[in-house]
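In: one predicted model, sequence on top.
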Amino acid sequence: MRYYVGDHSTIRSLEFRPNKAKGITYVFKNLSSLKELTVNELNGVPYSSFNLKKLKLEDLQQLQNLNLSRNDAYLHCDIQSADYFKTMPNIRQLHMYRNRLCLTNAPTLLVMFQSLHNVTYLDLSSNCFSELPVGMFDSMVRLRTLHLSRNKLQTIPKGLFRNLNQLHTLTLFANFISNIQEVAFDGLVSLRVLRMGGNKLICDCNIRWFQQYFERFNKEDLEEICFGGATKHKIKITEFKPDWWECDNKKDSEEFCFGGASKHKIKITEFKPDWWQCDNNTTKVAVSILGVVLFMCFIAGIVYYARWDIRFALVVRFGWRCCTKKPQDDDINLEKIFDAFVSYCLLDTAWVAAELIPNLENDEQFNFRLCIHERNFLPGNSIVESVEGAMDGSYSVIFWITQNFLESDDCDFELNLAKTKLSEGNIRSVIFIFEERFDKTELPQPMGIMMRHCQCLYWPELWLRKRDIFWKRLKLALLDTRPKDN
């Protein structure tokens, strides 16, 4: 069944409310002078929906104000017929609140509104939208007022308002928007009135840009002036009386966000997140601390690796007297001839002659003096007297520990004598240089005891770096035993 309204050239305004008959197709055609058309309550049964396919609006060339509100309407048709307003090119105001356009699929929505090139006012409130397809408003380049309130929108997709350069008023209150992307309002260069109350905006770092966005609106725009839906005149808010469907209470006009942990309402303009919450500051601090720790570990590693070089460089740079230990024994003030007495097996003379003497006695910086068996013992004296005299005339005793030395007859004697001299204070230190790492069970008992309190060095393999460190450590050990006034 069809209900036909048409061929009336004089009608300028028409308000149509049918008797809720179900299954009727309504046709409005050839109303050449019609400028305002209101069609409400087309759904034949309460809580049912009306397919706009059954409302045919044809050749309404002069129509400027179309009100299709309160119809529970949606559009379901093939995509070729989806351009619903193409026969109404001069529409300026389109009211479609309290419908069910959410039942219209996204491709159909994109085509449905593509002919609204001249519309300046669009009301899509209460249409249960949970999302809007990007491109839906692209053709509405002259749109000044857009109402999207009382829907179920959860977010504003990027590019939704990209062509709305002339949009002045946007209402989004009473939705389910919890956060807004920073690019959501790109393109809204003329926006002056924005209503976002009644949403569940989360008070977090992502809302800071929104706080700054509010700063573009002056107090007059936000608090004192709004624009009426049907009129383009400025109205003081204290004098404005909205339609019943627009407002429930004053809370809708206030912009709140909700704290993530506390759940309390906070005015967006008053929300100030902690510094560590935003801009990945926690991560930055953690990375910075980690960087400092790693840098300190790196420096510590370098210092540890070059510790002997550093100490030796300080000795060379500032003089060994500022870096040596102060003697603690009074009897050390007795005159000493040698820096160290060298104890070794005669079978190991080659190492002493080729390595020890050249590296210590030929050092022009410190000019160490060593007491060597073959060179410094006076003929005619007994070995016991010579060794004891050599230790008494030296600040330190150096033991060159080899397998030959451990097997020699003089090993235990010289070790015990050095132990006695050290405990009596006649010498300041004992230095063990091991040719290799021996098992502790192979070492004499006096040596095992003395190693806990004396410096032990190991002759390194043929590697220049290790050899260099070895000689620096040995020289520093000898410098520690020299008196400062020597």
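Out: Okay, I see it.
In: distance of residue 205 from residue 156?
Out: Residue 205 sits 18 Å away from residue 156, going by CB to CB, to the nearest Å. For the C-beta atoms, the positions are set from N, CA and C on the backbone; glycine is no exception.
In: okay, these two: which has more neighbours?
Out: Using other CB atoms under 10 Å as the criterion, residue 205 and residue 156 rank with residue 156 on top: 21 against 14.
In: what helix or strand does the more buried one sit in?
Out: Per DSSP states H and E, residue 156 falls between elements, in no helix or strand.
In: do I have it right that it meets residue 179?
Out: No - counting by CB atoms under 8 Å, residue 156 does not reach residue 179; the two are 9.4 Å apart.
In: hang on, residue 456 in a strand?
Out: Yes - Residue 456 forms part of a strand when assessed by DSSP: H, G, I helix; E, B strand; the rest coil.
In: which residue, other than its chain neighbours, is closest to it?
Out: In space, and not counting its chain neighbours, residue 456 is closest to residue 432: 4.7 Å by CB to CB, 6 or more residues apart in numbering.
In: now do the contacts for the one you found.
Out: Neighbouring residues of residue 432 by CB atoms under 8 Å, 6 or more residues apart in numbering: 399, 401, 447, 450-451, 454-457.
In: give me the buried entries from those residues.
Out: Listed as buried from the contacts of residue 432 are 399, 401, 447, 450-451, 454-455, 457; burial here means 16 or more other CB atoms under 10 Å.
In: pLDDT and distance to residue 390 added to those, as a markdown table?
Out: Converted to a markdown table, the buried ones among the contacts of residue 432 look like this (pLDDT from 0 to 100; distance: CB to CB, whole Å):
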| residue | pLDDT | distance to residue 390 |
| --- | --- | --- |
| 399 | 94 | 13 |
| 401 | 92 | 18 |
| 447 | 87 | 19 |
| 450 | 86 | 18 |
| 451 | 86 | 22 |
| 454 | 86 | 18 |
| 455 | 89 | 20 |
| 457 | 93 | 21 |
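In: list just the nearest of these to residue 53.
Out: When the buried ones among the contacts of residue 432 are compared for distance to residue 53 (CB to CB), residue 457 wins out at 99.0 Å.
In: show me the contacts for that closest one.
Out: Residue 457 neighbours (CB under 8 Å, 6+ apart): 431-434, 470, 473-474, 477.
In: again, 10 Å this time
Out: 398, 401, 431-434, 469-471, 473-474, 477 (CB atoms under 10 Å, 6 or more residues apart in numbering).
In: those residues in helices, which ones?
Out: 469-471, 473-474, 477 (DSSP state H).
In: how long is stretch 153-164 end to end?
Out: Start and end residues of stretch 153-164 are separated by 19 Å (CA to CA, to the nearest Å).
In: and that stretch, what's buried?
Out: Along stretch 153-164, these residues count as buried under the neighbour rule (16+ other CB under 10 Å): 153, 155-156, 160-161, 163-164.
In: the longest helix seen in the chain - contacts with which helices or strands?
Out: In the chain, taking DSSP H as the definition, the longest helix is helix 281-305. Using 3 or more CB pairs under 10 Å, 6 or more residues apart in numbering; DSSP states H and E, the elements in contact with helix 281-305 are helix 307-318.
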